[in-house]
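In: this is a predicted model, with the sequence first.
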Amino acid sequence: MKDKRAVEILVIEDDPNDAELIIRVLKKVKLTNNLVLLKDGEEALEFLNLNDEHPEDEDGQPKVILLDLKLPKVNGIEVLRKIKSDQRTKNIPVVIMTSSKEERDIKEAYELGVNSYVTKPINFDEFAKAVANLGMYWLLLNKSPED
């Protein structure tokens with residue numbers, strides 16, 4: 001199990017190219033000190049203790065979660081559903097970062113309580129700019145109930 005104390009950004013992304021770009025951009029804007037990368041939905045649920053009915057560890061929740069929808073094992077919609085239905089994690093801002101522009105995905109994500117839905121730009125520079133802006137907004141400007 002990865003150490004989740006003081007995690008600020010939890011990136012749940014299975015595409016290694018997108019994950020590398022996200023980390024590189026967040027590093028460039030100096031937001032990677034406490035970043036954890038997970039590669040599938042099952043790993044994310046375990047990290048957040050959402051597979052355990054009687055979790056003992058409730059500390060160390062991330063400040064923001066960047067979540068892909070098309071994940072192996074457990075898809076992003078199911079991960080989002082569990083995050084937003086659990087008292088311990090429901091206030092964590094979740095940003096969907098996906099290539100899906102399907103209206104049903106967007107609608108379902110907002111019905112489950114997603115904080116933002118961003119489609120991945122195909123252009124490298126636009127994707128990098130979107131990641132930098134998201135990181136800056138959610139970590140430096142946004143105020144959550146725990147702040």
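Out: The structure has been received and is ready for your questions. Computed from a prediction, not measured in an experiment: that's the story for all the values here.

In: secondary structure class of residue 61, three-state.
Out: State at residue 61, reduced to three classes by DSSP: H, G, I helix; E, B strand; the rest coil: coil.

In: number of nearby residues for it?
Out: Counted with other C-beta atoms under 10 Å, the neighbours of residue 61 add up to 18. All C-beta atoms are positioned from the backbone trio N, CA, C, and that covers glycine.

In: my guess is it meets residue 92, correct?
Out: Yes - here residue 61 reaches residue 92: they are 5.7 Å apart, a contact under C-beta atoms under 8 Å.

In: mind listing what's buried along stretch 91-104?
Out: 92, 93, 94, 95, 96, 97, 98, 100 (16 or more other C-beta atoms under 10 Å).

In: of those residues, which is the nearest to residue 25?
Out: Distances from residue 25 to those, taken as C-beta to C-beta, are shortest for residue 97 (11.6 Å).

In: are we agreed that the closest one is in a strand?
Out: Yes - residue state for residue 97 (three-state DSSP) corresponds to a strand.

In: hang on, isn't it packed against residue 115?
Out: No - if you go by C-beta under 8 Å, residue 97 and residue 115 don't touch, sitting 11.9 Å apart.
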